[in-house]
Each structure stands twice: as structure tokens, then as C-alpha cells.
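Asker: Pasting the sequence and the predicted model now:
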There are 2 protein chains.
Amino acid sequence: MLSKAKIKFIRSLSQKKERYEQKLFIAEGDKLVSDTLTLFKCRLLVATPEWLNTHNTSQCKEVVEATRDEIVKASLMQSPQNVIAVYEMPQNVIEPEELKGKLVLALDCVQDPGNLGTIVRIADWYGIETILCSEGCADIYNPKTIQATMGALARVKVVYVNLAETLADINKPIYGTFLDGENIYDTGLTNDAVIVMGNEGNGISKEIEQLVTKKILLPPYPMGREKVESLNVAVATAITCAEFRK
Amino acid sequence: MLSKAKIKFIRSLSQKKERYEQKLFIAEGDKLVSDTLTLFKCRLLVATPEWLNTHNTSQCKEVVEATRDEIVKASLMQSPQNVIAVYEMPQNVIEPEELKGKLVLALDCVQDPGNLGTIVRIADWYGIETILCSEGCADIYNPKTIQATMGALARVKVVYVNLAETLADINKPIYGTFLDGENIYDTGLTNDAVIVMGNEGNGISKEIEQLVTKKILLPPYPMGREKVESLNVAVATAITCAEFRK
């Protein structure tokens, strides 16, 4: 049985302040939890008897069998499933040598949790192991972000840093997308580099723009169109990473 | 003042059945409505006095001045803004000659309204004027889809068709992404073609697969990785369209 106190505890982790005080976050849903159960330290697992019967949960500190109704009460999802896991946040610190020779993604104030999660999934697809997030980015442990990563978070390290200071210390080309940049298809791209993606509404900030060594443009079709909405930041990230990795 | 009957009428359009019986749909929010007001026939516009003072609404059949509180009651959005428009659905029928020489997108059961909206925005960016949707796709007039299109719907025609029949009659190459396809970067791509994108969970259906004349693969990095989540369908659409249009 899932106690009221535990329901309250799980639901409290929807708040960023609570998550960081406790250094815990939630993952929900059959596929996501199955994919991540061996990848994070599991503090608490709440699941239906059927789920528990078909999964090895020996590495979890605490396992609680619950009914679907109890899970619905604790869940933060619109369509709760059969399992909720409370994981310990990994200690993500970045060592300069980890970045050597690697393609790195840097996010300057990407604020939408869903976009951040989708970008983690794209990074995973393109073998990018590290994402540097400015302090203004959405929280990677936001439940919406965790759900959007689809487990890719287990293979991609997301670190919150003072982005300007970190980029100033990085000794590799720093690419960023701008409306006055050079057409990406005419630009020499190296995979020992940083790709900076900017905020949903405002793009890359002035402070970070000064650190970009190569401004690139994702061209619309046909080139030079006026009436066109900008691309969503996750979509732009995907097109950029695809071109670097092809 | 916004009457209870009008609030009920607006909210009823959250249901697909009602939308298609009335042949009406809703667009909400300052930017979206400003961008689309001259592009669709407006049956009803509900807005705050401030909004009405700064916009030309002469082409709307009916304009109702409302308070923010009244708009909140009628709104289907989580964060209601200052305006709600009820538009008439355009009569979207496809004539074979419209597709001649053009790059066309075909969606086989893309079920998530947000994905569909994002794909419309990508089509707009890449100058794709027509999207053929199978009957199993999300409804383009779903409020979530409309919001995700960001006004791009005004420049992209979305038509629901029997996709198998329509593709069988199209006399141009039909590309589709498959895990056993040829690397897209090694494939000759022509812009007088159809690109088929499949369902979020199941990809392209067997029926449509038989009509695909060129199977292509979006390669992960490094190639041949096993442990990797598939790309989101909107993200995959963007990478594919970018490669066709570069």
C-alpha cells in the first residue's frame, strides 16, 4: 500500500526546489523506468504487482507495491502507467579533458522543458555525450523533460554551468546559428567543436554571441524568404547536428 | 460581454465532432490570431478592449469585447491570452496538377497533435505547400495542433485523403524512412517527389511501405549503434526535408 506520506513525497518532487534539496527526481511509465532502472540509483520504486512480477528491482532501496488508483494519485503524468521511480540525481561535474576531441552541445537559456528533453534525445542519436546548459535553461529533472528524453538522459551528461565562463575557457571552434550567419552547407564543419543553441524567443544572447567563433545559418527554402516562422529550437538542433555528423 | 452560450460554443470546438459539423476551428493568442486574421474567414472574434483597439477586425462576421476573466472561461489554453478567434475551415481539396513538380509531404498515421503542428511549421520553412494526411492522422484543427503550427497553416495546405489510393496515383518517386533503407547521404534525392513519414510508434504501415519506391535511412552517429532511441517523427521530418532542400 502506498501511504499518503509517500504520495505527498512523490508529488513534492514536481517542484524544482524540492528536487534539488532532496537531490532526487522522478521517472514514470513502463518503458522509461524499464530503460533507466539500472542506470540511476533508485531510492523508491512504486509499481503494480504485475509490473513487479516481471522486473528485477533488487537494486532499489525501497519497493512499494501499489494499486493503479494509488499510482494515479501519486503520478504527475496525464496518463499514469504502472510504475513510478524516484531516482538520485547523478553528480554531474564537467572535467575539461572530457570535452577533448568531442562535439559538445551548449544551450543558452532553452526554457521549454519539452524542448530540452527532445534535445537530449537528439544529442543521444548523434553521439553527443555532453550538453552544457546555462543557468537560465529549463531543469533537466523537470518531469516533463525526463519524459521527453525517453531514457536518453542515461547516455547524455547534462551539466549546468556559467556558460560564458565555460565557453571562454574552451579551446575549440564555437558554432552558433544566426540569421546573418554563413549558410551551414557552405561552411567547413569540424566535429571537435561546440554548437550553441539559443532561447526559444530571443535566440543566442549578446554575451554568448561574442564567444561564438563561427556564425552559421540554417537556410529556409527558397533562400531569402521573408514570411516564415523560425524553426523550433529542438528542430534546429536536429538539423544542425545532422549536418555536423553526416 | 461574452455570453454563457458563446463560451459554451467556443469550448465545444475542442471536440473534433463539433468542429467538423460546424466546419469551424479555434485559434488563440495574440501572435497567432494577429498572424492569421486575414488568412482565414473569421466567424467570431473575442478579445479584450486593448486588443481590439490595436487591430483591424472589420473582416470578422462578429466581434465580441470581453474581459480577461471571460476569455479565461472560454479558452482551451493553459495560459489564455487576450484573444480567441473562431475561423471557418478552408475547403481543402487536392487537384493532381497542384502536385506537379513539387515536393510533397505525406503523413501515415502521425497521431500526436503537437507533432503534426510542428511538421506543418517545418513544411512551411522548407517551402512544402501540400501535406497529404492519412485518415488516421491527428486532426489539423485540434487546438493543440493549431497552436503548434504558429500560423504556418496559412501557407501550407493540409488535406486528408485515402493515402494508399492517393500515393498509388502519384507519378513521382516516393521516399520513406526505414531502418533498412539506404543512407540518405548516399541517396540521390529529387525535389519532384513525395516524402512519407510514419506513425510515432510503428513507423510506416505495410500498406504504404509497398508504395514507397525509395527506402532511405537517417543514420545515427556513429552508424550501427544499437542502444539508441528512435528520433521523434517531427525531428526526423526536419532532418529529411533539410537534406532534400539543401
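Answerer: Right, received. Where do you want to start?
Asker: So which residues on chain A come close to chain B?
Answerer: Residues of chain A lying near chain B by Cβ under 8 Å from any Cβ of the partner chain: A:118, A:121-122, A:124-127, A:150-152, A:155, A:185, A:218-222, A:225, A:227-229, A:231-232, A:234-235, A:238-239, A:242-243, A:245-246. (C-beta placed from N, C-alpha, C; glycine too.)
Asker: Pull out the buried members of these.
Answerer: By neighbour count, with 16 or more other Cβ atoms under 10 Å in any protein chain shown, those hold A:118, A:121-122, A:124-127, A:150-152, A:155, A:218-221, A:228-229, A:231-232, A:234-235, A:238-239, A:242-243, A:245 as buried.
Asker: pLDDT (mean, whole number) over stretch A:66-78?
Answerer: Stretch A:66-78 shows a mean pLDDT of 93.
Asker: Only the buried residues of that stretch, if you could.
Answerer: Judged by neighbour count (16+ other Cβ under 10 Å), stretch A:66-78 contains these buried residues: A:66, A:70-71, A:73-76.
Asker: Quote the end-to-end distance of it.
Answerer: 18 Å (Cα to Cα, to the nearest Å).
Asker: Walk me through the domains of chain A.
Answerer: For chain A, automatic domain parsing gives the domain ranges A:4-88, A:96-245.
Asker: most tightly surrounded among these?
Answerer: domain A:96-245 (a mean of 19; mean count of other Cβ atoms under 10 Å in any protein chain shown).
Asker: can you give me how far that domain is from the chain middle?
Answerer: Offset of domain A:96-245 from its chain centre (Cα atoms, centre = their mean, to the nearest Å): 11 Å.
Asker: can I assume A:Tyr221 is in contact with B:Tyr126?
Answerer: Yes. Between A:Tyr221 and B:Tyr126 a contact is recorded at 4.7 Å, counting by Cβ atoms under 8 Å.
Asker: coming back round to it: tabulate the domains of chain A (JSON lines), appending distance to B:Arg19.
Answerer: Below are the domains of chain A laid out as JSON lines (distance: least, Cβ to Cβ, whole Å):
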{"stretch": "domain A:4-88", "distance to B:Arg19": "22"}
{"stretch": "domain A:96-245", "distance to B:Arg19": "23"}
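Asker: quick one: average pLDDT of the longest strand seen in chain A?
Answerer: In chain A, taking DSSP state E as the definition, the longest strand is strand A:174-183. For strand A:174-183, mean pLDDT rounds to 94.
Asker: same deal with stretch A:116-132?
Answerer: So the average pLDDT for stretch A:116-132 ends up being 96.
Asker: Contacts only, for A:Glu21.
Answerer: A:Glu21 makes contact with no residue, according to Cβ atoms under 8 Å, 6 or more residues apart in numbering or on different chains.
Asker: So it: helix, strand or coil?
Answerer: On the three-state scheme (DSSP: H, G, I helix; E, B strand; the rest coil), A:Glu21 is labelled helix.
Asker: Quick check: the gap between it and A:Ile84.
Answerer: Per Cβ to Cβ, to the nearest Å, A:Glu21 is found 19 Å from A:Ile84.
Asker: Would you map the helices across chain A?
Answerer: For chain A, helices defined by DSSP state H occupy the ranges A:4-12, A:16-22, A:30-36, A:49-53, A:68-74, A:113-125, A:143-149, A:163-169, A:206-209, A:233-245.
Asker: CA atoms of the first one as PDB?
Answerer: The one in question is helix A:4-12. The C-alpha trace of helix A:4-12 is given here as PDB (Å, rounded to 0.1, in the frame of the first residue of the first chain):
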ATOM      1  CA  LYS A   4      -0.400   9.300   2.000                       C
ATOM      2  CA  ALA A   5       3.000  10.500   3.100                       C
ATOM      3  CA  LYS A   6       4.700   8.800   0.200                       C
ATOM      4  CA  ILE A   7       2.200  10.200  -2.300                       C
ATOM      5  CA  LYS A   8       2.900  13.600  -0.900                       C
ATOM      6  CA  PHE A   9       6.700  13.000  -1.100                       C
ATOM      7  CA  ILE A  10       6.500  11.900  -4.700                       C
ATOM      8  CA  ARG A  11       4.300  14.800  -5.800                       C
ATOM      9  CA  SER A  12       6.500  17.300  -3.900                       C
END
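Asker: Could you list every helix and strand in contact with it?
Answerer: In terms of contacts (3 or more Cβ pairs under 8 Å, 6 or more residues apart in numbering or on different chains; DSSP states H and E), helix A:4-12 is packed against strand A:42-47, helix A:68-74, strand A:83-88.
Asker: could these be laid out in JSON lines, adding distance to A:Glu200?
Answerer: Below are these laid out as JSON lines (distance: least, Cβ to Cβ, whole Å):
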{"stretch": "strand A:42-47", "distance to A:Glu200": "33"}
{"stretch": "helix A:68-74", "distance to A:Glu200": "31"}
{"stretch": "strand A:83-88", "distance to A:Glu200": "27"}
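Asker: Those: which one's closest to A:Tyr160?
Answerer: When the helices and strands packed on helix A:4-12 are compared by Cβ to Cβ, strand A:83-88 sits nearest A:Tyr160, at 16.8 Å.
Asker: could you give the angle of that closest one to helix A:4-12?
Answerer: Counting by axes from the mean of the first three to the mean of the last three Cα atoms, to 10 degrees, strand A:83-88 lies at 70 degrees to helix A:4-12.
Asker: so what strands line up beside strand A:83-88?
Answerer: strand A:24-28 (antiparallel), strand A:42-47 (antiparallel) (DSSP bridges).
Asker: List the residues that contact A:Lys61.
Answerer: Counting by Cβ under 8 Å, 6+ apart, A:Lys61 touches A:41-44.
Asker: make it 7 Å
Answerer: Residues near A:Lys61 by Cβ atoms under 7 Å, 6 or more residues apart in numbering or on different chains: A:42-44.
Asker: what does A:Leu167 give?
Answerer: Counting by Cβ under 7 Å, 6+ apart, A:Leu167 has contacts A:106, A:174, A:194, A:208, A:211.
Asker: Against chain B, how distant is the last one?
Answerer: When Cβ to the nearest Cβ, to the nearest Å is applied, the distance between A:Leu211 and chain B equals 25 Å.
Asker: Show the pLDDT at the nearest residue to that residue once chain neighbours are set aside.
Answerer: Closest residue in space to A:Leu211, ignoring its immediate chain neighbours: A:Leu167 at 4.5 Å, by Cβ to Cβ, 6 or more residues apart in numbering or on different chains. We have a pLDDT of 96 for A:Leu167.
Asker: Same question for A:Ala236.
Answerer: A:Ala236 carries a pLDDT value of 97.
Asker: What of A:Ala27?
Answerer: Reported pLDDT at A:Ala27 in the predicted model: 95.
Asker: is it in a bridge, and if so with what?
Answerer: On the basis of DSSP bridges, A:Ala27 is bridged to A:Ala85.
Asker: give the contact list for it.
Answerer: By Cβ under 7 Å, 6+ apart, A:Ala27 lies in contact with A:33, A:36, A:85, A:87, A:146.
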